[in-house]
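1. compute the structure for the input listed below.
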Amino acid sequence: MKVDEIVAIAHAAQNGTAAQNGTAPQNGPDQKRANAKKGKKPAAAPAVVEMTTEQLEAIDAEGWSGGQQNQMEAAMKLFPASISTKARWISIAGAVKGKTPKDCFARFKSIVAKLKEQEQPQAAQE
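-> Numbers count the residues shown, from 1 in each chain. Okay, here's the model as predicted:
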């Protein structure tokens, strides 16, 4: 399952609209080695984005604001699945204001389940 697909589902659930495609710097082990060879410094961890009152009020049924969802999406792109699972979710949660690693992982699993539900009717039609 691709992060971009998960992001699209999250945005659709949050806003009822399609997600915008965004890019974040890759910071996996291979990229770190390549950057070290080129003399580049690794990308910094994402800063916690401050949320406006409007974003805080727009909480979905699972207790996530649009700002928190955006923070998680950016962190998932920055911390790829190639790092250990525990370290990845700790890092992701560190970038999402007010959420724990368990909260972030549960959100991820929820979005994956929604994506699978959407794919099943399409497979039945074929």
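2. buried set for the helix or strand containing A93?
-> Element membership of A93 [criterion: DSSP states H and E] is helix 85-94. By neighbour count on 16 or more other C-beta atoms under 10 Å, the buried set for helix 85-94 is R88, W89, S91, I92, A93, G94. Backbone N, C-alpha and C define where each C-beta goes, glycine included.
3. one more: stretch 104-114?
-> Buried positions in stretch 104-114, judged by neighbour count with 16+ other C-beta under 10 Å: C104, F105, R107, F108, S110, I111.
4. contact partners for the second one?
-> Residues touching F105, when contacts are defined by C-beta atoms under 8 Å, 6 or more residues apart in numbering, comprise W89.
5. that older thread, and the helix holding A93, what does it pack onto?
-> On a contact count with 3 or more C-beta pairs under 8 Å, 6 or more residues apart in numbering; DSSP states H and E, helix 85-94 meets helix 66-78, helix 101-125.
6. could you look over the ones you listed and pick the most buried one?
-> When these are scored by mean count of other C-beta atoms under 10 Å, the highest mean neighbour count falls to helix 66-78 (a mean of 22).
7. quick one: least confident helix or strand in the chain?
-> Ranked by mean pLDDT, DSSP states H and E, the weakest helix or strand in the chain is helix 53-57, scoring a mean of 55.
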